[in-house]
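>>> coordinates only, sequence not included:
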């Protein structure tokens, strides 16, 4: 709605959109520091676990770009939000659909992206590389397994011997003592706790784990950002760049912004 309002004004003034970059993010408020990932779930946890599963498409300078599902969280770029600082963005599914929906037939750039605090994507990329966001394969053996056991399932049989942490780090080619490994540990993926009963897929395990770990505290609030960055050309030869940002905060312990 906010994008169409801007696009409508441009058309009313005899112009057309040449580039649309539109971002959205449901995040904790900037003062939130309850976990190293700076994230809290305020909506459907499945959409967090399975984000990126369809890959992404977008258009930049007239060239269509295709991003496979296992690359989504590696194709990130910085986005500055006035008053809040720099976020990282990743492509959100099918931007070509929105190019058609908005009638942007002359636009040479159309990108729809999701915003996160820096550091989320590099961690989630490794979870995707392991293959944990999988809701297709069902495992009747999950009952009685620990989170460590579940993680170990994703390592090749020839992944060597030794502690699971070092084998995972070697397989993913990440530092065994770096921030990504620390985030994976904090999430509980290396925990000896038993997986709750009644779960059938590893995606179910991930959803339950994220819901338990990524919570807003009673004094915390969330935040929604919608940011549009539009370039337009007008019949009189003018070129303009228009930005629009909506920032909405939830109530601590009350109604969330999401």
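Structure received. In this text, all values refer to a predicted model and were calculated from it rather than measured experimentally. Numbers count the residues shown, from 1 in each chain.
>>> now residue 135: how far from residue 70?
16 Å (Cβ to Cβ, to the nearest Å). C-beta coordinates here come from the backbone N, C-alpha and C atoms, glycine included.
>>> Which parts of the stretch 151-258 of the chain are helices?
All helices of the stretch 151-258 of the chain, identified by DSSP state H, counting those that start in this stretch, fall at 164-172, 179-187, 202-213.
>>> Of the ones you listed, which is nearest residue 33?
With Cβ to Cβ as the criterion, residue 33 lies closest to helix 179-187 of the helices of the stretch 151-258 of the chain, at 13.0 Å.
>>> Of all the helices of the stretch 151-258 of the chain, which one comes closest to residue 39?
That would be helix 202-213 among these, by Cβ to Cβ, at 8.8 Å.
>>> Buried residues, that closest one. List them.
For helix 202-213, burial by neighbour count (16 or more other Cβ atoms under 10 Å) applies to 202-210, 213.
>>> again with stretch 162-172
For stretch 162-172, the neighbour count (16+ other Cβ under 10 Å) marks 165, 167-169, 171-172 as buried.
>>> What are the boundaries of the helices in the stretch 1-150 of the chain?
Along the stretch 1-150 of the chain, counting by DSSP H, counting those that start in this stretch, helices occupy 2-12, 45-49, 95-101, 120-130, 147-152.
>>> From the buried residues of stretch 162-172, pick the one nearest residue 95.
For these, the nearest to residue 95 is residue 172 (28.9 Å; Cβ to Cβ).
>>> what residues are up against the closest one?
Counting by Cβ atoms under 8 Å, 6 or more residues apart in numbering, residue 172 touches 126, 129-130.
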